[in-house]
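K.L.:
give me a 3D structure for the following:
(one chain, ligands or ions: 1)
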Amino acid sequence: MDFRTPGVDALAARVIPDQHFVLSADDARDVYFADTRMLDAKQLAHNRYRTNPRSLTDHLIEALCLRGTEELLDLGCGNGFVLEHIRPHLASGHIVGLDIAPGVLDAARHRLAGVATPCDWLEGSADDLSAFADSSFDRVTAIYMAHYVPDLPRCFTEVRRVLRPGGRFLLCTDRPDSMVEMWDVHYTAMREMNAPEHLFRATPKARISLTNGAEQLAPHFTSVETRTWQDQLQFADPEPFLAFYRGQNHCCASSKPGQDLPAEFFTELEERVRGKVQAAIDEDGYFALTKYTGAFICS
Ligand SMILES: C[S@@+](CC[C@H](N)C(=O)[O-])C[C@H]1O[C@@H](n2cnc3c(N)ncnc32)[C@H](O)[C@@H]1O
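P.N.:
Numbering: from 1, shown residues only. Just a heads-up that it's a prediction; the model follows:
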């Protein structure tokens with residue numbers, strides 16, 4: 001299925017900066033994922049406003065090829081949204097969720113409370129899997145989280161170690177130009193406001209993206225297969241888009257009130273973005289975000 005908006009590639013070439021933000025694991029733990037609100041808003045928007053009838057979790061479940069008895073480790077499990085969907089496919093299996101942020105990990109624990117599949121929860125960083133013996137898992141997943149991990153080569157070495165022979169590691173990420181329409185209105189509004197140059201950076205996912213991930217994984221695994229799929233989010237009302245954008249703006253564009261810019265800067269930025277999104281809705285009926293996403297399947 002092709003969800004491409006005409007002109008989107010030319011827009012990406014013009015809009016997406018070469019340099020990307022680097023967000024530390026400490027900021028992820030203590031600021032962005034200190035509680036589950038931002039994650040909830042993002043998941044809700046990706047799921048509710050999509051136009052691909054197959055959801056992210058549909059794609060992931062297919063790529064995982066589960067028989068139902070596997071032991072699965074989910075790195076950066078967040079609030080357990082993905083695990084809740086995978087869980088029925090592991091009815092006789094075992095799930096371990098690991099996350100650096102206790103707030104979201106607690107949300108995952110509550111989300112899966114009472115399910116018959118045994119679930120364990122561990123607070124920690126994905127580049128230290130010393131809590132697990134060699135060959136402990138049939139599947140390891142890292143869904144939209146690898147870009148936060150401080151030491152990626154160590155993480156991949158550890159994943160290889162804890163995977164059983166014949167097991168699979170699934171790393172899910174995006175192309176850096178995914179949702180370029182959002183970055184376009186964001187950067188255009190910031191240019192109008194003469195925002196500081198350091199705020200013009202690509203998403204931190206560019207650190208390990210669909211474009212450069214295979215070469216980073218190849219030294220650690222015998223086989224790395226790339227699967228991609230597309231989607232397009234369509235917002236017919238600016239408000240749910242802005243709820244989504246707020247999280248992207250602060251987390252994926254590394255800018256938040258109180259750092260180096262006053263709250264008024266962000267109020268004005270949001271007003272300008274709202275105006276551009278409303279103009280697109282008035283013209284086309286909706287504001288579209290074209291998504292290029294996918295996963296590396298490593299064994
Ligand atoms: C964008 S969320 C994705 C959550 C979940 N995988 C999903 O797709 O819904 C990124 C998650 O990675 C976690 N995280 C960040 N750095 C981490 C690290 N070094 N080790 C483990 N988890 C980390 C965050 O706390 C957050 O829950």
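K.L.:
phi first, then psi, for the nearest residue to Ala108 once chain neighbours are set aside.
P.N.:
With Cβ to Cβ, 6 or more residues apart in numbering as the criterion, Ala108 has its nearest non-adjacent residue at 3.0 Å, and that residue is Gly80. Quick note: C-beta positions are derived from backbone N, CA and C, even for glycine. With angles defined as degrees, to the nearest 10, Gly80 shows backbone torsions of phi 80, psi 10.
K.L.:
quick one, what contacts Gly80?
P.N.:
97, 107-109, 111-112 (Cβ atoms under 8 Å, 6 or more residues apart in numbering).
K.L.:
for Arg87, state which of those is nearest.
P.N.:
Of all the contacts of Gly80, Leu112 has the smallest distance to Arg87: 6.5 Å, by Cβ to Cβ.
K.L.:
so that closest one makes contact with Val96?
P.N.:
No. In this structure, Leu112 is not within contact of Val96 by Cβ atoms under 8 Å, at 11.5 Å.
K.L.:
compare these two and say which is more crowded by neighbours.
P.N.:
Comparing Leu112 with Val96 by other Cβ atoms under 10 Å, the one with more neighbours is Val96, at 22 against 18.
K.L.:
what about the helix or strand hosting the more buried one, near the ligand?
P.N.:
Element membership for Val96, per DSSP states H and E: strand 94-99. Yes. Using Cβ under 6 Å from any ligand atom, strand 94-99 reaches the ligand at Asp99.
K.L.:
can you report how many residues neighbour Asn52?
P.N.:
Asn52 has 17 nearby residues by other Cβ under 10 Å.
K.L.:
kindly provide the distance from it to the ligand.
P.N.:
17 Å (Cβ to the nearest ligand atom, to the nearest Å).
K.L.:
list the contacts of Gly285.
P.N.:
Gly285 neighbours (Cβ under 8 Å, 6+ apart): Ala236.
K.L.:
go again using 10 Å as the cut-off
P.N.:
By Cβ atoms under 10 Å, 6 or more residues apart in numbering, the contact set of Gly285 is 234, 236.
K.L.:
how far away is it from Glu70?
P.N.:
44 Å (Cβ to Cβ, to the nearest Å).
K.L.:
do Leu217 as well
P.N.:
For Leu217, the distance to Glu70 - Cβ to Cβ - is 21 Å.
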